[in-house]
Structure formats: C-alpha cells, structure tokens
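Peer 1: How does the following fold in three dimensions:
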Amino acid sequence: MEELDLKRQLERELEPVRLSAARRAAILEAVERQPARPTWRGPARVLLAAALACGLLGTAALALSPTLRERVNALLGEFAPYSQEVEGVSAVDQGVELRAVRSLSDGNQVWVYLEARDLEEARLGPFTELEEDLGVLYGNLDGAGWTDGEGFTSTCLGYDEESGVALFRLQFTGLGAPAPDDTFTLAVDRISPEVRRGSAPLAQPTGETLESQVLPSGETVLVPEQNLQSCSETDLFTLSSYGFGSDGVLHVQLRLDGKELDQERSTFHVQVSSRRYQATGAEEDYRTEARYNRSGENARVYFWQNGVLYCDISTGVTPADLADAVVEKVYGTRFRGETLEGDWTLEIPLEDVPVRTVQMDEGQTLTLSALGCTAESQDRASAAAWNGALTVYLQDGTVQRVEAPDGHAYPQGAAAVVRWSFDEPIDPKAVTAVAFGEWYIPIGAEEPLA
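Peer 2: Predicted structure coming up:
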C-alpha cells in the first residue's frame, strides 16, 4: 500500500514536469523497483529526489537554465523590469516542446522569448531556427496587421549544451490601437535543426573557359576542383571551380559538406552588378543586370562526384559582358537535418506596460509607452511629417531621439499608422513634448496614463 501511494504521489508531482510519455513511464517503473525507505521527508522533495536517484529525471527539466535566464536579461537590457514571466504556456509536437518564458508588450509591440527542448533526440542546437505563422492576434486591431521583426524566422540566441535548451526571441510590431492585456496567439509551424548562412567575395573572372561536363540529367557543369581554394570568410563551402563553361556562361562551383544537407531548402547564389545600370538606372540596363543574376532551380545544380557533393551555379554572364559585369560575391544558406513540421500554437497572455494617449490635431493620436511611440492619423497627407526622426523631451531635461520609424501602415480604420521603437525605456508620464522633424508638439500634464 505504501509503495502504491508513493507511485500515485509521484505521478501527481510529475504532472508539471516536462517529460515525454516514455520518459515518464520509465521513471515510474524505476521507482516501483526501488526498495522501501524507512524515513519520509515530505512528498515533493522525496518524490523528485527518488526520480533523480533513478537517473531518469535531469535537473534541466525542472527549471530554465540559469545561463539562458541570464541571456534573456542581457537581451532585454534596461527593458527587463518591464517584462513578465510566462508560466504554463507550452506546446509539444514531433517530440519537441516550445515554451514561452518571458514577454514584453505595450499593445503595439510584442517581444516573446521561447525555449525549445527536444524531448526525444538531440536534433536542436545553436543554429536551430523557428518559422512562425501569426495566428489569431488582437481582435481590436481592425485589420491593421502585424509585421514580424525577424522576417517570420527566428534564429537561436542561445543554446545550453547541458540541458539541450535553445532560446529564441520573436519580435512583432503591431500597427494599430493598443490592445490592453489581451492574448497573443503564436503558431510555429516549422523547426529547422541547423541553418547556416555565409558569403565570400569573388575575384573578377578572366574570361578563361574551363573544362566542362554534362551530367546524366542534362545540365552542363564545370569539372570539379580546377581552381580549388578555401574561403576565409565562411566555412559553409569551398570554391571548387570558377570560370566560363562550354555553354558560354560564367559558372561558380562550390564544394560542400554533404552530411545531412537538405538540397531542396539549401540555396546558393552569385551576385553580379552592372556598371551601366549603377550609373544610369535605366530600365534597359536594369534588365541586363537581372540577366546577369540568373536565379531559380535551373541555375543551381547539385551533384555528387567521387564521394563529394558540389553545387554548380550558372550565371547569365558571357565573355562579352566582362566590361560591364561586376561579379561581387557568392552567398547562400545551408540547411542540415530533417525539417520538423508540426503545430506549436501558443496562447500567450500579455500584461501591457502603461501607455499614455495624447490627442494632437483633429484626427491624430499619439500613444507613448516605455517601449515606443505610435502615431495614428485619419489624414494620410498630414502624416507625411512622420517619415523621419522622432524626438522625445522629458521633464528632467533629457532627450531621446529615434532617427527613423520602424515602418508605416495604411490599415482599415486609419489613414496612416507609424511606429518608433525606443533604444532605452522612458517614463511616458514624464514626456513634456515630442517633435517630428521641425514640428514641435508640447504635451500637457492632463493626459492620463492608461
């Protein structure tokens, strides 16, 4: 009976702990095999200690890594006191758990810090990336829309080897009226275990035609390693062969480490500019530059030879173009490992920092918070003055200047909405005036703080 009670209590204690079903079952089975202990030191401490004694429950499952916690605080900087801890918000799919750990919001801008943990294997690392889809957002934005500061892709900002936890920050800027204390729905639909990017400059080609070969699939490529050289700027690739092929166009061939490389998602390109287009900006010269930068799957061919993977990139540059074409660099993105596709939807409650709303001219509203400033106007023409710098004047005489806005939007219900983000937090109650370029707007003390 005592052993049965112990198991039941252990099951209850393990409920909030992040474990796979197989891991949880193994812990319970191991505890059943443990000999009875004559002393009792309190359920939580003893039950978790028993699991640890079985060697089945790592301490990393019980708390966010202190190293990553310090990393979050360092990334937040002076904004850290305004952020909120997020508890109990997680999603598991494909054996990977995503958990929200910290958030920061003023209703127009949201920062979310996530930790990712592989519950089954060791597929994550310092180069893991998340691809997110904005799900159901604030209901009162009236179609204003959101932009993702990370381009809908979030790179790993920290990785703890001991716990196997990766840290991510997702930053979103909403263009519309603040939505106080709402829920932010974030849906991650793809996790890429390893994504690396790199580039290397290229010397101008000499016009030499190199030995070429035709692959069984019909593409013309250079024979590998005719002018092999390493690239000090990146370790993603080595320059294998570089010159004109028998098809009359310039080829750049890379030697790659083919281990677990995802050829469908990995992309490599050559950047070429036109001297004439840079000088004239003419439409005809633009089309010439576009021809130089041939892109698409037909321009990039992967093939194996003698156990080595190569990527041959053909451009649209011919020997006759050398007086105009400037070959600048080769660059690319390498994906490794099997991409994980699933549904990691997180409903993140937000506690917005206080905001101060100020009515300016008729139809114009200014919203100030510790994080930034949002201006909204019903007259698009009058909002033209918002294209440049914003200066904020505070009661103590200090001034904070933001050189350019984050962006503009023209949503339903408003002619123009513009957002500026602060480098350092301010006290919105202490703002005495703002200036858009030369347009100085005093702010009275009567405007309340929301």
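Peer 1: Please export the alpha-carbon coordinates of stretch 319-328; CSV is fine.
Peer 2: Written as CSV, here are the backbone C-alpha positions of stretch 319-328 (Å, rounded to 0.1, in the frame of the first residue of the first chain):
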residue,chain,number,x,y,z
PRO,A,319,32.7,36.8,-72.0
ALA,A,320,31.2,39.7,-74.0
ASP,A,321,29.8,41.1,-70.7
LEU,A,322,33.0,41.4,-68.8
ALA,A,323,33.5,45.1,-69.5
ASP,A,324,30.1,45.8,-67.7
ALA,A,325,29.5,42.9,-65.3
VAL,A,326,31.0,43.1,-61.8
VAL,A,327,31.0,39.7,-60.0
GLU,A,328,30.7,40.6,-56.4
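Peer 1: Can you mark which positions in it are buried?
Peer 2: Asp321, Leu322, Asp324, Ala325, Val326, Val327 (16 or more other CB atoms under 10 Å). Where you see a C-beta, it was placed from the backbone N, CA and C, and this is true even at glycine.
Peer 1: domains of this structure?
Peer 2: Domain assignment for the chain, taken from automatic domain parsing, gives 2-61, 66-193+340-349, 202-334, 355-442.
Peer 1: For these, give me a markdown table that also has mean pLDDT.
Peer 2: Formatted as a markdown table, these follow (pLDDT from 0 to 100):
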| stretch | mean pLDDT |
| --- | --- |
| domain 2-61 | 39 |
| domain 66-193+340-349 | 82 |
| domain 202-334 | 94 |
| domain 355-442 | 85 |
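Peer 1: Strands of the stretch 151-300 of the chain, start to end?
Peer 2: With DSSP state E, counting those that start in this stretch as the criterion, the stretch 151-300 of the chain has strands at 153-160, 165-174, 183-192, 194-201, 212-214, 220-222, 237-244, 250-256, 267-274, 300-305.
Peer 1: which secondary structure elements does the fifth one contact?
Peer 2: Just to be clear, that refers to strand 212-214. strand 220-222 (3 or more CB pairs under 8 Å, 6 or more residues apart in numbering; DSSP states H and E).
Peer 1: so what strands line up beside the strand it packs on?
Peer 2: strand 212-214 (antiparallel) (DSSP bridges).
Peer 1: can you pull the buried residues of the strand it pairs with?
Peer 2: Buried residues in strand 212-214 (16+ other CB under 10 Å): Ser212.
Peer 1: Centre of the chain to that strand, how far?
Peer 2: 40 Å (CA atoms, centre = their mean, to the nearest Å).
Peer 1: Now for the residue most central in space within the chain: which residues touch it?
Peer 2: Centroid-nearest residue in the chain, with CA atoms, centre = their mean: Ser154, separated by 1.5 Å. Contacts for Ser154 (CB atoms under 8 Å, 6 or more residues apart in numbering) come out as Leu114, Glu129, Leu130, Glu131, Glu132, Phe168, Arg169, Leu170.
Peer 1: wait, doesn't the fifth one sit right on Phe184?
Peer 2: Translated: Glu132. No: judged on CB atoms under 8 Å, Glu132 makes no contact with Phe184 at a distance of 11.5 Å.
Peer 1: Could you give the number of residues near Thr391?
Peer 2: 15 (other CB atoms under 10 Å).
Peer 1: so it bridges to which residues?
Peer 2: Arg401, Ala435.
Peer 1: Test my guess that it contacts Glu403.
Peer 2: No: Thr391 lies out of contact with Glu403 (CB under 8 Å); the separation is 9.9 Å.
Peer 1: Measure how the strand ranked longest in the chain sits relative to strand 267-274, angle-wise.
Peer 2: Taking DSSP state E as the criterion, the chain has its longest strand at strand 325-336. Put simply, strand 325-336 runs at 170 degrees to strand 267-274, going by axes from the mean of the first three to the mean of the last three CA atoms, to 10 degrees.
Peer 1: And strand 325-336, what does it pack against?
Peer 2: strand 194-201, strand 237-244, strand 250-256, strand 267-274.
Peer 1: mind listing what's buried in the helix or strand that it is followed by?
Peer 2: Sequence order places strand 340-349 as the next helix or strand after strand 325-336, per DSSP states H and E. With burial defined by 16+ other CB under 10 Å, the residues of strand 340-349 counted as buried are Leu340, Gly342, Trp344, Thr345, Leu346, Ile348, Pro349.
Peer 1: Can I get the residues you listed in JSON lines including distance to Gly88?
Peer 2: Shown next, in JSON lines, are the buried residues of strand 340-349 (distance: CB to CB, whole Å):
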{"residue": "Leu340", "distance to Gly88": "23"}
{"residue": "Gly342", "distance to Gly88": "20"}
{"residue": "Trp344", "distance to Gly88": "15"}
{"residue": "Thr345", "distance to Gly88": "14"}
{"residue": "Leu346", "distance to Gly88": "11"}
{"residue": "Ile348", "distance to Gly88": "11"}
{"residue": "Pro349", "distance to Gly88": "10"}
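Peer 1: now, among these, which is nearest to Ala375?
Peer 2: Ile348 (26.5 Å; CB to CB).
Peer 1: Who are the contact partners of the closest one?
Peer 2: Val86, Val89, Ala100, Ser103, Val112, Thr183, Phe184, Thr185, Leu186.
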